[in-house]
Structures are given as C-alpha cells and as structure tokens.
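>>> Quick one, structure for this:
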Amino acid sequence: MNLYLAATYIRDARYGRNGQFETDDNSVRLYNLYNHWLPKGVAYFFILLLLALAIFEKPAVPGLKIEYYVTMPMEVICLIVIGSRLFHLRRFSPGKTFYSDKKNLVVMATMVVVVIDMISYIALVNSGQAMYAYRWSRPLRALLLVNITEGRQIRRAFRNIRRTLPDILNVLVLFFLSIALFALMALKIFERRPELRLYTDDSPYFKHYGDIYFQLYVLVTTANSPDIMMPAFDSNKWFSLFFIVYLVVCLYLFMSIILAVIYKNYRKHLKNEIKKSVFIKRFKLLRAFDELKEQVEGKSVVTEKTWNAVMKEVLPNRTLVYYNLLWMVLDKDVNGYIDRKMFLQVADLLNVEVSEVRNQKHLIEKYYPHIYNSSVSIAVRQVVMHKFFRYFFDLAIVVNAFFIGFNLDEAEWFFLSVFTCEIILKLYTYGFREFCRRFWNIFDFIVISAAFIATVIEAALEELQYSRETLDVLLVLRILRLLKLVGSIDRFKVIIGTLTNIAPSMFTYGGVLFVFYYVFAIIGMEVWGTMLSGDPNVSFCNNSNLNGSEFARDHYCNNNFSDILTAFVLLFELMVVNQWHVLTSGFVAITSAWARLYFVAFHLLVVIVVLNIFLAFILEAFMLESSLSAGKFSNAVEEKIKEMGLWVSKKPLQEQLPVEHVQIEAPQSVLVDNIEIHPSPTPPPAENETAEAADVVPEMKERRPRADTGLRFRIARRGTRKTEILLQRMFESELLHEEGQEMPTTENEIEEMEPEEIRPTPLTLDNVT
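Next comes the predicted model:
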C-alpha cells in the first residue's frame, strides 16, 4: 500500500489534473513539487514579466522606454526559468510522453524562435541595419501563457475554439459569398450615378468593388448605418429596399445562424472535453483505490483506518474530526468501509469547501461577561438581530441618497454617524469573526470608513484651498455608499451573488481575450507603431495622408499603436464595434487598403467567435447558478446533514454551543449522486430552534460521530468557485445519461475520444414540463 502515491492520485482527481508521471517514489515527489504553489507562482511571474516587457520595448509607453540591451537579458532570464520548468517536467514524465505532448513542443519551439529572433535583432542593430530590425517573435510570447501546464482552462478554451472554426467555415463561406453578391449588385446599381457621394468624406459612392464589399461588411455590424444608405436614399427612396433586404439576409439571418452554429459546435466540443476530464478524474481515483484497497468479506474496499491515513497525506493541515465527517458522508451504511463506487465520489466530496472554526466567545464577553450578558446588552443584541433593524438602515440609505443627489452636504456628518453606529452595533452583536463572514458587512465597513476619512480630508483640503479635482476623487467614496442598497434587496442579492459566483469562471475567457489582444497589439505596434501621433499640437496626427480624413476630423489621433497600452485601448474600441470603420479608415489612409484585413480578422475572431462563445457561456452559467438560489442542492446536502444528526441553527456563532463549528461553503450536487434524498415538504427548522432539532431525525444516534465533538454545520448559499466544477455541472444532466457507456481503459484512449453530435431534445409537452 503506497499512501503517498494514492494521495497524489486523489489530489489530481480533486483538482482536475491530468499529469502523467512514473510511479517510483522519486518521480512522485518531483511531480508533487512540480504542482506546488510556489514553483507554479514563480513560473506565472516570469511569464507575465516576459509579456510585460512590451511596455518597455520599442515602441514603449512614454517615459518607460528601456534599451534592448537591458530588456533582452531580462527576457533570457524568463526563458531560463520557463526552460527549467520544462526540465523539471521531463524528470518525472514517463518515456516518450514528454515529447509527444503538443504543449511541451509548442513551448520549446517558441523558446527557440525567440532566441533566434533576439540573435538576429542584435546582429542587425550592431551592423548598422537598425531600420530593418524587428522583434517579429514578440506575438509568440502569448503562446507560453496558453501552453504552460497551469493554463489548462485557457488552453481548453483555445482548443475548442480551434475545433469550432472548421464547423462554422461553411456558414462563413456562404456569408461572405452573400456579401460578394450584394456588393456586385450595388456596383451595378450605383456606379453610373456620379452625383452620389458619401456625406462623411465626399468620396465617390460605391465606385470600387473592394470598397463596396468592405462597406457592406461594416454595415452588417451596423457601425455605418444609416450613413452608408443616406446618399442613395436621398436620391431615390426605393433604393432603401436594397439595404433592407441586405440587412435582413446578412445581419438578421446569417448572423443568427452563425451564432447558433458557434454555440452548438462549441458546446459539443466543450462537452467532450468535460467528459474527458470526468473520465480522467475517475481513472485517477481508480488508481488510488487500487493502491488502498483491502479484502473484506471477499470485496475490495477501503477501510476507515486506511481512509484516515490517506487523508493525512491529502489534507495534512485538517483535523481528524474533518476526516471523520467526510467518512460519514461516504460510509452511508455504517459498514466501516467503502467500496469502489463510493470511493469514486471522493474528489467531488473534497471539492466541497469546508472550513473548521473553533467556537470562541465574544471578546467583550470574554473579558467583561457581566456587561455582555446583562439584560440591557441582551436587549440591544435582540434589536440588532431583528429584521426591522435592517429595514431602518435601508430607509436611511434611501434618505441619504436623496441628500447626495440634491447636494445637501450639511447632513453628511449625521449620516456618517448613523452608519458608523450600525457597524459598531453589528460588531458588538455578532463579533468580528461573524461580522466578516458576510460580504456586505465588509463592504459597508470599507465604504463607510473610507467615506469618513474622505470627508475629513475634504474639509481639510478645502481649508487649504486644494484643487477641486482632488476633492472629486475623494467624494466618489462617499457615493459608493449607495451600493449598500444592492445588498439590502433580495432580488438584487440573487443577481449579484450569481455574477460573483461565476466570476472566477469568466477569468478563463478574460485570458482568451487577453491573448488575442496581446497578439494583435504587438502586430499593430510593429506595423503602425510610429506612423501616428496623439499629440494635440500636431496637425493630422503627424501624418499628411490623414489631411481631410474623417479619422483626423473626429480627433481619433490617440487611437493608435504607439505603445501596448494605447493599442489595448484601440482594440477594445474595435471590439465595441461602434465607429470601427472610421478607425480602420485612418490606418488604410496611411498604408493601403490591405490594412483592412487586420481589422476584419480581429472582428471575426474576437467579436463574432470569442464574444459569442463568451455570451453562450455566461447565459448557461447564469441560468445554472441562478437556479441554485432556490437552494435545491444545498437543501439536498442539508437533508444528509440532518440524517446524520448534525443539524445546525443559523444563530450567531457565540449563541451556539461551545463546540467545534464547521461551515460548508460550496455544496455540490455531485456530492449526493449516490445518496438517497427524500426532500420533505415541511420547511427547515426556524432560526430560533436549537441543536435539539436533531432529535426529530430517525436513527440519529447511529449517525453521530463516535466522540461527542459537538460538530455542527452551517450551509452557506454560495455557488461554484472553480471553473472545472462549474463546467461539469453545466453538463451534469447530459453526462448522467451516459453513465452506462463503457469507460476508456487508458489515458491515451481518453485523449482520443471524439465529440458526439448534440441532438436537440424534441419540444414535446412531456419534455417541456
């Protein structure tokens, strides 16, 4: 029995890792060191440092330019750290696995290309050919962020985007052919009407096929609507039919089809990825089970003694009470052992975030018990815990908003005093630990404290006659107090809570957007970096080709690629789409019409593909998380807790028994897959019920821990914090229907799985209901 190896497999299953390693003791230690937070953090730091060098390299952010002989040694150090990480990976990887892994090959190839680029750049600069020296490998730096081992979620997103593109190619071809057909029609309709000219720049109206094609593509994005139609419409109102038919076909029909195809195929590939991760998780747990199993009554099982031993390896900082808690959930039949089927639930059980908190007396009660437990103190605490206490301060917020809106600053100190008293009373009643358990309490504390300090500083600055701009910055903190209203309305709480819960998962797509931004920004800087100037004292953006252009007339000179930060702003404006054709026209004017390919490619990849996928993900994740607000999964786990006789009241911590307190923060539905739950139509115990609520639970005595630990649970209504768990839950109902299919026997078979077609459910009455 190898507890250390089994613990490694369990950790891999818990965190969704698919690392392959030799099973000897040295390789397992190297593997665990590789996955330790410190070396991973160091790798991330140097990769981000490598990406951040673009801020200092030519063309650099104004005032931050560093010569290449300083940035290149830093770049070499970053590459050495990344290379050492690869070498570490090679030390424990089995056989040819390391060289057959595509992400390792991409990282090595990128490093080689970057080194060649640095050598060629130095050679050109030192040979007097600096005008031909370009750092053409800089866009490839983003590949390192995608292909490091820790970038699993970003890599998965990119892999699914790559697999989705061929599926939408047919629709895109038809879409572009449709634009080509309408562009040809427009050319034949308007080319013989020289009197028609564009109102924006007085250029000929629809005279060149390439210009027509681009203008019609822009029209699909609605950025130039109705400007592009108005000259023809003013000439003859019947010409509007051409544009109406075009928009109906290309915008409302084709764009909807493209969205549907992107969503369908991306979801298909994502489901296949999640299925692979589920199989890999089970594969890891099966390996762990094989290391831990013992023969009891002719069955292969894991005993409680072995469980506690392996948990000490998996969770060395947790208590024996916590190990017993997990065991009680798994050993539902109280056999003293669990079989393979129940052991496959271990990763899902460990992903339920449980915090152990020692019950402590209130600080005032500890040192001044006669005061804290006096009748007056008890009355004050009862008032604070009453719902009308919250209603009163909600009303105070509304009144304060009225005073702020009408600039009635005379009452500012009064409201600050009122809200400060609210915080003091809550701290007195609940204690600091319980007070900080609620996000809105922390938010109130920070905002009110900052507003108090800002008001004091404001008064001091006015006496010293400081600029009003400084005061405006400080007054923003006072206005933030209005956000307290959001935390006071239950319907707002559900929405904000849902957005907060899915925020970590949204970071994956934020990383995808960052990679696209970085690559396009670096390319734009190399091509147009020094061609435009945002200096307001320079005419035509310091480029005579923009004389009389709409780009210069609209004062868009600062929308350029002079440095990476400005480039990011420009790319964000392009992603918003509004006026993106005007921005494009500026760069076309200073180079050629081929510059449009850069901007069209960005629009296709980022706006049409990535943002549509992001939108689909947000919709599904929001529906999933908002459905949890009703407490379906939390109630299921709660039923299990009551079955075990460990029901807890929702009173403040100091009012409960002086025992061990355990808080379950993120219950998952997968925890109860193999637990029979029969929800009762009766509501859960009220808040004023005590721990005797466990008496109503059948067979409670059999389910209690062996020792009277006073273990209690509090289930917080929180959502999923990990992307992997959220994605698995998005496809949980579909994957459950596939439980009967044969599981691959090796990790290579899992990797080679092909996605299955997703067939829509027939909209029958039974399916809908």
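>>> Please count neighbours and contacts with C-alpha atoms only from this point.
Noted.
>>> For burial, what's the neighbour tally of Glu22?
As a burial measure, Glu22 scores 15 neighbours (other Cα atoms under 10 Å).
>>> Check Glu273 too.
Based on other Cα under 10 Å, the number of other residues close to Glu273 is 23.
>>> Name the SS class of the closest residue to it other than its chain neighbours, please.
Once flanking residues are discounted, Glu273 sits nearest to Arg156: 7.7 Å by Cα to Cα, 6 or more residues apart in numbering. Under the three-state scheme (DSSP: H, G, I helix; E, B strand; the rest coil), Arg156 adopts helix.
>>> Who are the packing partners of the helix or strand hosting Phe572?
Secondary-structure element containing Phe572, defined by DSSP states H and E: helix 564-576. Contact partners of helix 564-576 among helices and strands, from 3 or more Cα pairs under 8 Å, 6 or more residues apart in numbering; DSSP states H and E: helix 490-528, helix 580-590.
>>> Can you list the neighbours in contact with that helix?
For helix 564-576, the surrounding residues in contact (Cα atoms under 8 Å, 6 or more residues apart in numbering) are 54-55, 60-61, 517-518, 521-522, 524-525, 558-561, 580, 583, 603, 606-607.
>>> gap between Asn26 and Thr222?
Counting by Cα to Cα, to the nearest Å, the gap from Asn26 to Thr222 is 61 Å.
>>> of the two, who's got more company?
Just comparing Asn26 and Thr222: by other Cα under 10 Å the higher neighbour count belongs to Thr222, 17 against 11.
>>> Quick check: closest non-adjacent residue to that one.
Asn578 (8.0 Å).
>>> Pretty sure that neighbour sits against Val220.
No: counting by Cα atoms under 8 Å, Asn578 stays clear of Val220, with 11.9 Å between them.
>>> So which of those two has more stuff around it?
Using other Cα under 10 Å, the more surrounded residue of Asn578 and Val220 is Val220, with 20 against 14.
>>> re earlier: dihedrals phi and psi, the residue nearest to Thr222?
phi -60, psi 130 (degrees, to the nearest 10).
>>> could we number from 56 for the rest of this?
Got it, first residue is 56 now, which makes that one Asn633.
>>> Please report the distance of it from Ile619.
21 Å.
>>> Same check on Phe642?
Phe642 is 17 Å from Ile619, by Cα to Cα.
>>> Surely Val357 is in a strand?
Yes: assessed with three-state DSSP, Val357 lies in a strand.
>>> What about the closest residue to it other than its chain neighbours, how many residues nearby?
With sequence-adjacent residues excluded and distances taken as Cα to Cα, 6+ apart, Val357 is closest to Lys348, at 5.0 Å. Look at Lys348: counted by other Cα under 10 Å, it has 19 neighbours.
>>> list the contacts for Lys348?
355-358.
>>> how many neighbours does Arg214 have?
15.
>>> go on, Phe571?
17.
>>> ditto for the one 4 residues further on
Other residues within reach of Phe575, judged by other Cα under 10 Å, total 21.
>>> wait, what's in contact with it?
194, 657.
>>> Report the separation between it and Thr585.
Phe575 is 16 Å from Thr585, by Cα to Cα.
>>> Ok, Ile234 next?
34 Å.
>>> Show me which of these two is the more surrounded one.
Ile234 (22 against 15).
>>> and the angle for the host helix or strand of the more buried one with helix 545-583?
Assigned by DSSP H and E, Ile234 belongs to helix 207-245. Computed with axes from the mean of the first three to the mean of the last three Cα atoms, to 10 degrees, the direction of helix 207-245 lies at 70 degrees from that of helix 545-583.
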